[in-house]
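Enquirer: starting from these lines, generate the structure:
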Amino acid sequence: MGFMDKLKGAAESVQAQTSKVGVGADRGQMDLANRAKKLMNDGVDTPATIDSMEPTGATDTPGGAENVITVTAQPAGGAAHQITFNQYIYPAAPFVVGDAVTLKIDPSDPSVAMIFDKG
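Expert: From the prediction side, this is the model:
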């Protein structure tokens, strides 16, 4: 099972849990889910290295912890550059500083990115 399968499963789990009690994801979680969907469909695969990860203290029902992540992206044919973004990291698919990862970057806004797999 890949990272995106786990992410999808976690999203479905949150939806199932919250639909029973009338409580949904907060605005920030919805924004991250929408960003992930857009990047999954339109994002450009780009190798990167995790430079830092700082927990925000926010968690979700499936056990993910939100982090502010800074990476150095290394686009094909382009200059390496840093990108900082928020993303939930799950115990079943952990990432740590120094990991080589694959990002998906929004082709219309290279500052919008998320980690989609280990590099």
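Enquirer: what lines up beside the longest strand belonging to the chain in the sheet?
Expert: Ranked by residue count under DSSP state E, the longest strand found in the chain is strand 44-59. Take DSSP bridges as the rule and strand 44-59 pairs in its sheet with strand 65-73 (antiparallel), strand 100-106 (antiparallel).
Enquirer: which residues sit against it?
Expert: 28, 65-76, 82-83, 86, 89, 95-107, 113, 115-116, 119 (Cβ atoms under 8 Å, 6 or more residues apart in numbering). No exception for glycine: its C-beta is placed from N, CA and C like everyone else's.
Enquirer: report the buried members of those.
Expert: Buried residues within these, defined by neighbour count using 16 or more other Cβ atoms under 10 Å: 65-67, 69-71, 73-75, 83, 86, 89, 95, 101, 103-106, 113, 115-116.
Enquirer: next secondary structure element downstream of the lowest-mean-pLDDT helix or strand in the chain?
Expert: Within the chain, confidence by mean pLDDT, DSSP states H and E is lowest for helix 3-21 among all helices and strands, at a mean of 53. Using DSSP states H and E, the helix or strand that follows helix 3-21 in sequence is helix 27-42.
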